[in-house]
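only geometry, no sequence info:
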């Protein structure tokens, strides 16, 4: 009698290297963007908001702020770009909370993907919305009289700086989204925290016009650093020091909020 030995093949384990994590994050981001075709009003909402702000500041506030529309546009459009960056980043909190409350992350949990791919994918998808918002803002601003006084090549470092700052700030937004109970509360929390960042800065008014005690606060605001950087790149003025300060501020935001957001995310899962 001959014994027959059956050898079971060991199940293959999918490796999760950095390359696969990047691809999985891109896939999640693409999934988020494809959904826009079912709700195109999202593009309209993100695009129309900066256009409204440009119109408001150009035709309602310009005379009071700078005496002429053209002069104020040169100052305020970089500030509006920064505001648009902050507001789009705040939307990350709402999207993150919606994904969690609707059980999307529970479905991701069952898939053999990187644990952070859903987070990074959400942030990458919001990058596209940010670029869309800024492009429309610049186009409408130029239609009303804004001009790039340096050179068009400065748009590349401008977008890179915006994306770097947005990535760091996104972790604070992710944390807010994970800690909130529902989309309504996260909207109040995210925009309640993000909006003061832009108004207590030099995005819309010059620092020297503020009270002395407030000037010290405004100069420490990362939004002020980013606004000064964008002005230097597009309109002219100091660039090196503001950009350095902005990158340092972004690094601090990343170091503080990324671990907290990841801890809240793993606890949620």
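Cool, the structure landed. Please read all numbers here as calculations on a predicted model, not as lab measurements.

show me what contacts residue 204?
57, 65, 76, 79, 198 (Cβ atoms under 8 Å, 6 or more residues apart in numbering). In this view, the C-beta of every residue, glycine as well, is placed from N, C-alpha and C.

counting neighbours, which of the residues you listed comes out on top?
residue 76 (27 neighbours; other Cβ atoms under 10 Å).

my guess is that one contacts residue 57. True?
Yes - using Cβ atoms under 8 Å, residue 76 is in contact with residue 57, at 5.0 Å.

how about residue 42: what's its closest non-neighbour residue?
residue 36 (5.5 Å; Cβ to Cβ, 6 or more residues apart in numbering).

residues in contact with residue 86?
Contacts of residue 86 by Cβ under 8 Å, 6+ apart are 169, 194, 195, 197, 198, 223.

count of residues packed around the residue nearest to residue 42?
Residue 36: 15 neighbours (other Cβ under 10 Å).

gap between it and residue 44?
10 Å (Cβ to Cβ, to the nearest Å).

in what helix or strand does the residue lying closest to residue 136 once chain neighbours are set aside lie?
Computed as Cβ to Cβ, 6+ apart, the closest residue to residue 136 that is not its neighbour in sequence is residue 47, at 4.6 Å. Element membership of residue 47 [criterion: DSSP states H and E] is helix 41-56.

contacting residues around the helix or strand following that helix?
Later in the chain than helix 41-56, the nearest helix or strand by DSSP H and E is helix 62-65. Outside helix 62-65, the residues that touch it by Cβ under 8 Å, 6+ apart are 57, 68, 69, 71, 72, 73, 75, 76, 204, 205.

from the residues you listed, pick the one nearest residue 232.
Residue 232 lies nearest to residue 75 out of these, by Cβ to Cβ, at 12.4 Å.

got JSON lines for the contacts of helix 62-65, with distance to residue 188 too?
Converted to JSON lines, the contacts of helix 62-65 look like this (distance: Cβ to Cβ, whole Å):
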{"residue": "57", "distance to residue 188": "25"}
{"residue": "68", "distance to residue 188": "37"}
{"residue": "69", "distance to residue 188": "34"}
{"residue": "71", "distance to residue 188": "36"}
{"residue": "72", "distance to residue 188": "31"}
{"residue": "73", "distance to residue 188": "32"}
{"residue": "75", "distance to residue 188": "31"}
{"residue": "76", "distance to residue 188": "27"}
{"residue": "204", "distance to residue 188": "23"}
{"residue": "205", "distance to residue 188": "26"}
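
top of these by neighbour count?
Going by other Cβ under 10 Å, residue 76 tops the contacts of helix 62-65 with 27 neighbours.

which residues are in contact with it?
Per Cβ under 8 Å, 6+ apart, neighbours of residue 76: 57, 58, 62, 65, 203, 204.

helices of this protein, residue ranges please.
Taking DSSP state H, the helices of the chain run over residues 18-34, 41-56, 62-65, 69-101, 104-109, 117-144, 155-179, 183-199, 212-220, 222-234, 240-268.

of these, flag the one that's most buried.
helix 222-234 (a mean of 26; mean count of other Cβ atoms under 10 Å).

in this structure, where is pLDDT below threshold?
1-19, 21, 37-41, 66-67, 103-106, 108-113, 268-269 (pLDDT under 70).

please repeat the previous calculation with a cut-off of 80.
By pLDDT under 80, the low-scoring segments of the chain are 1-47, 61-68, 95-96, 98-119, 181-195, 265-269.

quick check: phi and psi at residue 201.
According to degrees, to the nearest 10, the main-chain angles of residue 201 amount to phi -150, psi -180.
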